[in-house]
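S.K.: Below are the sequence and a predicted model; questions follow.
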Amino acid sequence: MNKVDHNKVIEIRKSIPCATLQSIADKFGVSREAIRWHLHREGLPTRHVVQKWRCFDCGKILLQKNKTGFCYACLHRQINIPLICDGCGKLFYRRRSVVLRKNPLYKGHSFCCTGCFHKWYRGENWAHLHMSSPRRRRRSYG
């Protein structure tokens, strides 16, 4: 039976926290249980530390790796642009691609909802809104 130097096991765990019990045991030629016993006696974690992914912007630990490398809050700031509604003055966010797309109907204005857009549209362009053709009245079958 091989004797394991307790101090070397502790030193390896502290220097390489991602090392598994099996990889440490292979270095000494002993079982994982012997390594676990040494770590437990010293009060060190017996499970290896899993590599954690961090957000590129804020450094927050991510639960899982994603394609962008950003947490949700930083990704929201990267993709969305803060705007102020021309109808009600409320702060809202729109995707960068939507803002940069030129919509001739908005004429450089931004709106948080369709209600604000329609209030603005009726207010500024009331003369152009269906005035060329008279509205039909609905028949009542009563």
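M.R.: Cool, the structure landed.

S.K.: Please identify the helix or strand for Pro45.
M.R.: Using DSSP states H and E, Pro45 maps to neither a helix nor a strand.

S.K.: low-confidence ranges in this structure?
M.R.: Filtered on pLDDT under 70, the chain yields the residue ranges 1-2, 49-51, 102-107, 124-142.

S.K.: How much space separates the residue nearest in space to the middle of it from Ser97?
M.R.: The centroid of the chain falls nearest to Tyr72 when counting by C-alpha atoms, centre = their mean (1.6 Å). Look at Tyr72 and Ser97: by C-beta to C-beta, to the nearest Å, they are 18 Å apart. In short, each C-beta sits where N, CA and C put it, glycine included.

S.K.: Please, where are all the helices along this protein?
M.R.: Along the chain, counting by DSSP state H, helices occupy 6-15, 21-28, 32-42, 72-79, 96-100, 114-124.

S.K.: residues in contact with the shortest one?
M.R.: In this case it means helix 96-100. With C-beta atoms under 8 Å, 6 or more residues apart in numbering as the test, helix 96-100 has contacts from 79-81, 83, 110.

S.K.: ok, 7 Å please
M.R.: Residues outside helix 96-100 that contact it (C-beta atoms under 7 Å, 6 or more residues apart in numbering): 79-81.

S.K.: repeat for the second one
M.R.: Taking C-beta under 7 Å, 6+ apart as the criterion, the residues outside helix 21-28 that touch it are 2, 4, 9, 12, 31-32, 34-36, 46.

S.K.: could you flag which of these are buried?
M.R.: Listed as buried from the contacts of helix 21-28 are 4, 9, 12, 34-36; burial here means 16 or more other C-beta atoms under 10 Å.

S.K.: Dump the residues you listed to JSON lines, plus distance to Glu42.
M.R.: Shown next, in JSON lines, are the buried ones among the contacts of helix 21-28 (distance: C-beta to C-beta, whole Å):
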{"residue": "Val4", "distance to Glu42": "12"}
{"residue": "Val9", "distance to Glu42": "8"}
{"residue": "Ile12", "distance to Glu42": "12"}
{"residue": "Ala34", "distance to Glu42": "13"}
{"residue": "Ile35", "distance to Glu42": "11"}
{"residue": "Arg36", "distance to Glu42": "11"}
